[in-house]
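1. Requesting a structural model of the entry that follows:
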Amino acid sequence: MSNHTYSTSTIGFLADFKAVTKIGLSISVVFSSLAGYLLATDVVDLKTFILLAIGGYFMVGASNVFNQIIERDLDALMDRTKNRPIPSGRMTVTTAFVLAIILTLAGLSILYNINERTAMFGAISICLYTSAYTPLKTKTPLSVFVGAIPGAIPFMLGWVAATGKFGIEAGVLFMLQFFWQFPHFWAIGWFLHEDYQKAGFNMLPTGKRDKGTALQTIIYTVWTVLISIIPVFGFTGRLKLSVIAMVLTLGIGFWFLYYGFKLFKNQTDKAARQLMLSSVVYITSIQIIYVLDKFIRLWI
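-> Okay, here's the model as predicted:
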């Protein structure tokens, strides 16, 4: 094999690895975990920080690979997913399965190196995502509820990695990311509704792009915003929030909510896309505000 062919095949495999592990999603999940870690620790242990980032990526990556193995025939039916490595034939099911097993074992080992509870929650996340959420997607809109559980683990996983404990602080971080996922996923489910229908995915709570779905999106956004300000009241243990940070959190929460109302009013794919984008900006901003607020209070 010539060096050129070798380098081309390596680039091809790396591109497929990024696609099959969903690099964008995985990095955003790792970001959540690292934010949770920074919230829980006063002194950053670089080794733990790096282990959490790598172990977290491997665990999310493994979940995504298992998901794409299970859904390969359905992915082939949808425009959005038909060019993924497995349905397009660029990666065999066997290769993907071996990759998923390696990622799972490596990810669990790395997280176990941090502490046992971190590895346990990582394992629960993979198990729920692949064994419950994935098969339920074609059966019931409740799949979003089930999927929100592993999806909410990363933020609190960082706290558990730093402390070795699951207490009220980790619980609040879990609830914040849990409720946030409903408007996020329903917005995606709205503008991809026709594509999802081709594969028989039932993602919207009413099964339709209607006012009922939009109303539920608003309700869960309100819950998300309310949970985000709980730490300001001082009964969430070591998880605290200053009044200034609360005002910023509420401000970005109302901005997020505005797009929920916009979807309710307009019921268009454009409004759903705007809501989805605002949800991503929202969760990232909240995590940054929480972390900055914590360290500013430490330094003052």
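
2. in stretch 198-217, what counts as buried?
-> Ala199, Phe201, Asn202, Met203, Leu204, Pro205, Arg209, Thr213, Ala214, Gln216, Thr217 (16 or more other Cβ atoms under 10 Å). Backbone N, C-alpha and C define where each C-beta goes, glycine included.

3. In three-state terms, label the second one for me.
-> Which is Phe201. Of the three states, Phe201 takes coil under DSSP: H, G, I helix; E, B strand; the rest coil.

4. Now do the contacts for the closest residue to it other than its chain neighbours.
-> Closest residue to Phe201 apart from its sequence neighbours, by Cβ to Cβ, 6 or more residues apart in numbering: Lys137 at 5.0 Å. Contact partners of Lys137, counting by Cβ atoms under 8 Å, 6 or more residues apart in numbering, are Glu71, Ser143, Gly147, Phe201, Asn202, Met203.

5. hmm, try it at 10 Å
-> By Cβ atoms under 10 Å, 6 or more residues apart in numbering, the contact set of Lys137 is 67, 70-71, 74, 143-144, 146-147, 196, 199-203.

6. Dump those residues to TSV, plus pLDDT and distance to Tyr112.
-> TSV is the format used below for those (pLDDT from 0 to 100; distance: Cβ to Cβ, whole Å):
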residue	pLDDT	distance to Tyr112
Asn67	88	23
Ile70	89	26
Glu71	84	29
Leu74	84	33
Ser143	85	29
Val144	86	30
Val146	89	25
Gly147	89	25
Tyr196	84	36
Ala199	80	36
Gly200	80	38
Phe201	81	34
Asn202	80	36
Met203	84	34
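
7. possible to save the residues you listed as TSV with distance to Ser26?
-> As requested, the contacts of Lys137 are exported to TSV (distance: Cβ to Cβ, whole Å):
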residue	distance to Ser26
Asn67	12
Ile70	18
Glu71	17
Leu74	21
Ser143	20
Val144	20
Val146	20
Gly147	15
Tyr196	22
Ala199	22
Gly200	26
Phe201	21
Asn202	25
Met203	21
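
8. Quick one: mean pLDDT over the longest helix belonging to the chain.
-> With secondary structure taken from DSSP state H, the chain has its longest helix at helix 269-299. Taken as a whole, helix 269-299 carries a mean pLDDT of 94.

9. now stretch 33-46
-> Mean predicted lDDT for stretch 33-46 stands at 92.

10. Just give me the neighbour total for Asp73.
-> Asp73: 10 surrounding residues under other Cβ atoms under 10 Å.

11. elements contacting the helix or strand in which it is found?
-> Per DSSP states H and E, Asp73 falls inside helix 72-75. With contacts taken as 3 or more Cβ pairs under 10 Å, 6 or more residues apart in numbering; DSSP states H and E, helix 72-75 sits against helix 46-70, helix 193-199.

12. got the buried residues for the next helix or strand after that helix?
-> Counting by DSSP H and E, the next helix or strand C-terminal to helix 72-75 is helix 93-114. Neighbour counts over helix 93-114 (16+ other Cβ under 10 Å) mark 95-96, 99-100, 103-104, 106-108, 110-112, 114 as buried.

13. Could you measure from the residue nearest to Phe201 over to Glu116?
-> To Glu116, Lys137 is 31 Å away according to Cβ to Cβ, to the nearest Å.

14. Residues contacting the helix holding Asp73, please?
-> Residues contacting helix 72-75 (Cβ under 10 Å, 6+ apart): 67-69, 81-89, 91, 93, 96, 134, 137-138, 196, 198-201.

15. So for it, what gets flagged as buried?
-> Buried residues in helix 72-75 (16+ other Cβ under 10 Å): Arg72, Leu74, Asp75.

16. Any figure for the gap between the second one and Phe254?
-> It refers to Leu74. Relative to Phe254, Leu74 is positioned 38 Å away (Cβ to Cβ).

17. do the same with Lys270
-> Note on Lys270: its distance to Phe254, by Cβ to Cβ, is 21 Å.

18. can you tell me which residues contact the nearest residue to Asp195 once chain neighbours are set aside?
-> Spatial nearest neighbour of Asp195, chain neighbours left out: Met78 (4.8 Å); criterion: Cβ to Cβ, 6+ apart. With contact taken as Cβ under 10 Å, 6+ apart, Met78 is in contact with Glu71, Arg84, Pro87, Leu192, Glu194, Asp195, Tyr196, Gln197, Lys198, Ala199, Phe201.
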